[in-house]
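Novice: Fold the following.
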Amino acid sequence: MIQKNATGHAASSREETAAPTPQQVVPDGCNVGVVLRVALGANVALALAMLVSHPHLRAASVRFVELSALLEPALLMSLLAWCALRRFLPPLSPLPRQRALAWLAPVACTAAMLLIIEPIGPDLLVGPSWTALLVALIAGIGAQHYFELRARAFSPAVTEARFQALQSRIRPHFFFNSINAVIAVVRSDPPRAERMLESVAELFRAVMGDVRKLVPLDQELDLCRQYVEIEQTRLGDRLHVEWDIGAVHPRARVPQLLLQPVIENAVRYGAERLAGDCRIVVRIRQLGFRLEMFVSNPVAKDPLQREGNQIGLANIRGRLALIYDLEGELATRVRHDRFELTMTIPVEKRATG
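Specialist: Residues are numbered from 1 along each chain as shown. The predicted structure is shown next:
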């Protein structure tokens, strides 16, 4: 019996490790990806229901437009309710309570719309009010379950492997190059060598940490400057980095090691590959509730080098999708023999573990 219980506990632990339960299971109604998926799913379901229940396309279209008067406001209210629950529920609120609230939010919003619509447009209803409430409950359960499963799917080993792949962007040979650069200046400039060793230690401490953690933007910029200082020691005066940092919310946070790999790409496929000076431009701006990070560097003309650069950027795109869903954007282009990257993320002021 003890062996059986131990085996069962181990199996349960493996299952939880493979698909860990997220701390919040209420759909994030403030997230653009959630809004688009829910709105598209609800409208497609309504359209299919009308096509099945009406013999003629015109009648189905008219009925779809009529029922949209109930669906769209209830849908918007439900998303706002989910958004509020997501923001104001305690972080460690029991999951059954979170699920129940997420299920009942569409029911409550639909009931509110029925109270408004019934006196002025009773013909809009397909049947008794409880039918609409039942549909809202089923839709709420389905949507909540889908987003919880999606969160589980993006949490296990596959996601961890993607993050580990991004962490490995600081390559082993960079470590050896850094040590060689320190050795080159340790006798002629001991204080500088000490500074460089501290920078290397900070970089690898960040690499070994959780790259999903949100850190202050200034901390990420300091890490980038430390990296640039190391590379400037190794590459000499050929490497120039122009920092153009605009006014940003003082508590703005970004995922750890988000900008540094981009600058590393600019060095690797710029100064390391091209003869002569390499000027890298780093520009950061806050546009409303969005943070825009722009990096520009000379472009390598070797197709293989360009391909390698794109592989690294694919990792960053995947990371943005994992953290921000559709709210994180990364765009690249080549203009005037320079590679330009623009990364846009929401301005996030909350700390995460």
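Novice: quick one: contacts of stretch 130-140?
Specialist: Stretch 130-140 is touched from outside by 42, 45, 70, 74, 78, 102-107, 109-111, 114, 125-126, with contacts defined as C-beta atoms under 8 Å, 6 or more residues apart in numbering. C-beta here means a position set from N, CA and C on the backbone, and glycine is covered the same way.
Novice: mind running it again at 7 Å?
Specialist: For stretch 130-140, the external contacting residues (C-beta atoms under 7 Å, 6 or more residues apart in numbering) are 42, 74, 102, 103, 105, 106, 107, 110, 111, 114, 125.
Novice: Quick one: residues contacting the second one.
Specialist: When you say that, I think you mean residue 74. 106, 109, 110, 113, 136.
Novice: Inside helices: which ones of those?
Specialist: Among these, the ones falling in helices (DSSP state H) are 106, 109, 110, 113, 136.
Novice: out of the residues you listed, which one sits closest to residue 333?
Specialist: Proximity of the ones in helices among the contacts of residue 74 to residue 333 was ranked by C-beta to C-beta; the top entry is residue 106 with 41.9 Å.
Novice: List the residues that contact the closest one.
Specialist: Residues in contact with residue 106 (C-beta under 7 Å, 6+ apart) are 74, 78, 136, 139, 140.
Novice: ok, now which ones touch residue 110?
Specialist: The contact partners of residue 110, taken as C-beta under 7 Å, 6+ apart, are 74, 132, 133, 136.
Novice: Rank the residues you listed by pLDDT and give me only the lowest.
Specialist: Least confident by pLDDT among these: that is residue 132, with 84.
Novice: Neighbours of that residue, how many?
Specialist: By other C-beta atoms under 10 Å, 23 other residues sit near residue 132.
Novice: can you pull the buried residues of the helix or strand hosting it?
Specialist: Using DSSP states H and E, residue 132 sits in helix 129-153. Judged by neighbour count using 16 or more other C-beta atoms under 10 Å, the buried positions of helix 129-153 are 132, 133, 135, 136, 139, 140, 143, 144, 147, 148, 150, 151.
Novice: picking up where we left off before, of all the ones in helices among the contacts of residue 74, which two lie farthest apart?
Specialist: 106 and 113, at 10.4 Å, using C-beta to C-beta across those.
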